[in-house]
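S.K.: No letters, just coordinates:
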């Protein structure tokens with residue numbers, strides 16, 4: 001592991017131990033913190049230095065010690081008796097990324113959707129609105145718990161993380177939210193008979209509190225994998241009773257981090273069911289929108305933040321080929337911050353290049369692409385689910401992300417060489433066939449379930465004894 005990630009786990013362990021006695025309604029506040037958000041960019045740079053570890057009191061944990069440490073702290077949560085009659089499954093809308101077809105497979109009498117907005121129902125499922133729970137919070141506890149946290153931090157004024165103004169201000173703001181959300185979720189569990197909870201991540205406060213509340217009540221919770229597994233901070237530790245992953249790669253990764261085999265289930269993600277279920281835009285209509293010729297080869301390049309140099313080199317090399325049509329699909333982060341200048345310049349310089357933001361859905365594009373190129377994005381996986389030829393760029397700086405490494409010669413470090421390989425494949429039917437075969441092997445190993453919603457509903461039934469499936 002690079003020095004930063006070593007130090008990240010050292011400080012995180014130290015923080016959880018420091019905060020272990022600060023609980024509200026039996027939920028330890030230290031476990032709710034999304035800890036990497038507490039580290040300022042300046043501190044993060046310092047953590048890259050090996051000497052940073054000399055300032056810490058906690059030993060650096062081995063990878064296999066990470067999950068057991070958090071499981072041990074979860075076990076300290078006081079359990080309460082909670083056996084609801086006619087229990088329902090609660091789907092937390094934020095970050096779940098379900099499609100209409102996913103939601104409509106759940107039975108409306110046995111399903112609830114928790115969301116930030118007010119609606120009577122969502123695709124026929126009853127909605128519980130977070131604002132309606134907000135009146136049930138204990139605002140008097142805010143100052144008391146901020147004071148308790150300040151007292152715990154007082155001896156750490158010179159600590160390289162806990163002593164920073166950035167850390168202290170973030171924690172102060174978060175404690176207010178932690179208390180409010182714990183109160184809201186307590187109210188929710190009193191209002192409704194919840195037998196299971198499904199979340200799309202545990203990075204946000206609501207999802208993490210929901211997960212810890214299920215530990216407290218000894219009921220099932222499942223967190224679904226929200227994207228390609230790239231780095232520890234957004235994927236570890238597991239807070240739910242079960243974690244649903246894409247395939248064997250992720251299951252092995254979690255077990256290497258100390259997770260028990262029964263904590264991790266290969267479920268896939270219901271949103272990818274659309275590959276088989278969704279009817280795309282007609283090809284003729286799509287190509288007319290793009291002003292492209294259906295007779296020419298078309299390549300989609302899915303970009304990602306902080307990798308502009310890689311993508312620009314790929315795009316400029318491909319854009320020289322007038323017989324190759326090129327679609328640039330920027331990452332939502334790049335669009336939100338208008339980091340598109342390089343891509344706009346490439347589009348303006350060539351008629352056969354189109355920059356597509358939100359005006360055309362990815363799943364209307366993928367069925368008609370001849371090739372897809374990306375770095376660490378799940379778009380690579382999705383393209384292979386659509387049985388497309390895929391080339392993946394390899395990160396040359398920072399941490400190693402081995403997810404796509406089994407693609408072998410289709411996983412390349414140098415952008416110009418990758419683009420030249422793309423040109424060769426597109427002009428040779430045999431090469432195209434080999435690329436697709438490599439993708440099919442990847443899918444067999446990395447994403448075995450074509451119908452993830454069925455797998456999820458079956459798993460919920462096994463764990464709760466309740467059939468949440470809507471009969472057709």
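M.R.: In hand now; what should we look at? Not measured: the values here are computed from a predicted model.
S.K.: remind me which residues of the stretch 101-250 of the chain are low pLDDT?
M.R.: 136 (pLDDT under 70).
S.K.: Show me where it has its strands.
M.R.: Under the criterion DSSP state E, counting those that start in this stretch, the stretch 101-250 of the chain carries strands at the ranges 111-115, 121-122, 125-129, 194-199, 220-224, 242-245.
S.K.: Tell me which of those strands sits most buried.
M.R.: Ranked by mean neighbour count, the strands of the stretch 101-250 of the chain are led by strand 194-199 with a mean of 26 (mean count of other Cβ atoms under 10 Å). (C-beta placed from N, C-alpha, C; glycine too.)
S.K.: Report all helices and strands that that one contacts.
M.R.: Packing partners of strand 194-199 (3 or more Cβ pairs under 8 Å, 6 or more residues apart in numbering; DSSP states H and E): strand 88-92, helix 205-217, strand 220-224, helix 452-464.
S.K.: how many neighbours does residue 360 have?
M.R.: Counted with other Cβ atoms under 10 Å, the neighbours of residue 360 add up to 16.
S.K.: Distance check, it against residue 102.
M.R.: 22 Å (Cβ to Cβ, to the nearest Å).
S.K.: Could you do residue 199 as well?
M.R.: 14 Å.
S.K.: Equivalent analysis for residue 183, please.
M.R.: 30 Å.
S.K.: do residue 325 as well
M.R.: 32 Å.
S.K.: Which of these two has more residues huddled nearby?
M.R.: Legend: neighbour count by other Cβ under 10 Å for residue 325 and residue 102, higher for residue 325 (26 against 21).
S.K.: What strand or helix carries that one?
M.R.: strand 324-329 (DSSP states H and E).
S.K.: now for that strand, which elements pack on it?
M.R.: So strand 324-329, by 3+ Cβ pairs under 8 Å, 6+ apart, packs with strand 297-302, helix 308-319, helix 341-349, strand 353-355, helix 362-365.
S.K.: right, and the helix or strand after it?
M.R.: Using DSSP H and E, the helix or strand that directly follows strand 324-329 along the chain is helix 332-336.
S.K.: quick revisit: report the angle between the strand holding residue 325 and helix 341-349.
M.R.: 150 degrees (axes from the mean of the first three to the mean of the last three Cα atoms, to 10 degrees).
S.K.: Off-centre distance for strand 324-329?
M.R.: Mean C-alpha position of strand 324-329 versus that of the full chain (Cα atoms, centre = their mean, to the nearest Å) differs by 26 Å.
S.K.: ok, residues contacting stretch 237-244?
M.R.: Outside of stretch 237-244, the residues within contact range by Cβ atoms under 8 Å, 6 or more residues apart in numbering are 31, 66-67, 69-71, 74, 197, 199, 202, 208, 211-212, 214-215, 219-225, 254, 257, 259, 263-269, 456, 459, 463.
S.K.: just the buried members of those residues?
M.R.: Buried members of the contacts of stretch 237-244, counted by 16 or more other Cβ atoms under 10 Å: 31, 66-67, 69-71, 74, 197, 199, 202, 208, 211-212, 214-215, 219-225, 254, 257, 259, 263-269, 456, 459, 463.
S.K.: which residues in the stretch 351-472 of the chain form strands?
M.R.: In the stretch 351-472 of the chain, the strands defined using DSSP E, counting those that start in this stretch lie at 353-355, 371-374, 389-393, 411-412.
S.K.: how far does the second one sit from the chain's center?
M.R.: If I follow you right, that is strand 371-374. Centre to centre, stretch against its chain (Cα atoms, centre = their mean), the figure for strand 371-374 is 21 Å.
S.K.: ok, now the longest one?
M.R.: In terms of Cα atoms, centre = their mean, the gap separating the centre of strand 389-393 from the centre of its chain is 21 Å.
S.K.: And for stretch 304-320?
M.R.: 25 Å.
S.K.: can you pull the buried residues of it?
M.R.: Residues of stretch 304-320 classed as buried: 304, 307-308, 310-319 (neighbour count, 16+ other Cβ under 10 Å).
S.K.: Save those residues as JSON lines, and put in pLDDT and distance to residue 56 too.
M.R.: What follows is the buried residues of stretch 304-320, written out as JSON lines (pLDDT from 0 to 100; distance: Cβ to Cβ, whole Å):
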{"residue": "304", "pLDDT": "90", "distance to residue 56": "32"}
{"residue": "307", "pLDDT": "86", "distance to residue 56": "32"}
{"residue": "308", "pLDDT": "84", "distance to residue 56": "35"}
{"residue": "310", "pLDDT": "91", "distance to residue 56": "35"}
{"residue": "311", "pLDDT": "92", "distance to residue 56": "38"}
{"residue": "312", "pLDDT": "91", "distance to residue 56": "40"}
{"residue": "313", "pLDDT": "93", "distance to residue 56": "40"}
{"residue": "314", "pLDDT": "93", "distance to residue 56": "41"}
{"residue": "315", "pLDDT": "93", "distance to residue 56": "43"}
{"residue": "316", "pLDDT": "91", "distance to residue 56": "45"}
{"residue": "317", "pLDDT": "93", "distance to residue 56": "46"}
{"residue": "318", "pLDDT": "93", "distance to residue 56": "47"}
{"residue": "319", "pLDDT": "90", "distance to residue 56": "49"}
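S.K.: From those, pick the one nearest residue 336.
M.R.: Of all the buried residues of stretch 304-320, residue 336 sits closest to residue 304, with 13.3 Å by Cβ to Cβ.
S.K.: Quick check: closest non-adjacent residue to the closest one.
M.R.: Computed as Cβ to Cβ, 6 or more residues apart in numbering, the closest residue to residue 304 that is not its neighbour in sequence is residue 331, at 4.9 Å.
S.K.: Retrieve the pLDDT associated with the one you found.
M.R.: Note on residue 331: pLDDT of 89.
S.K.: shouldn't it be in contact with residue 377?
M.R.: Yes - because the distance of 7.3 Å satisfies Cβ atoms under 8 Å, residue 331 is recorded as touching residue 377.
S.K.: Need the overlap of contacts for these two.
M.R.: Residues touching both residue 331 and residue 377 (Cβ under 8 Å, 6+ apart): 302, 304.
S.K.: who's in contact with residue 47?
M.R.: With contact set as Cβ under 8 Å, 6+ apart, residue 47 has these partners: 3-4, 7-8, 11, 39.
S.K.: mind listing what residue 119 touches?
M.R.: Residue 119 neighbours (Cβ under 8 Å, 6+ apart): 127, 129.
S.K.: and with 7 Å instead?
M.R.: residue 127 (Cβ atoms under 7 Å, 6 or more residues apart in numbering).
S.K.: Thanks again, I'm all set now.
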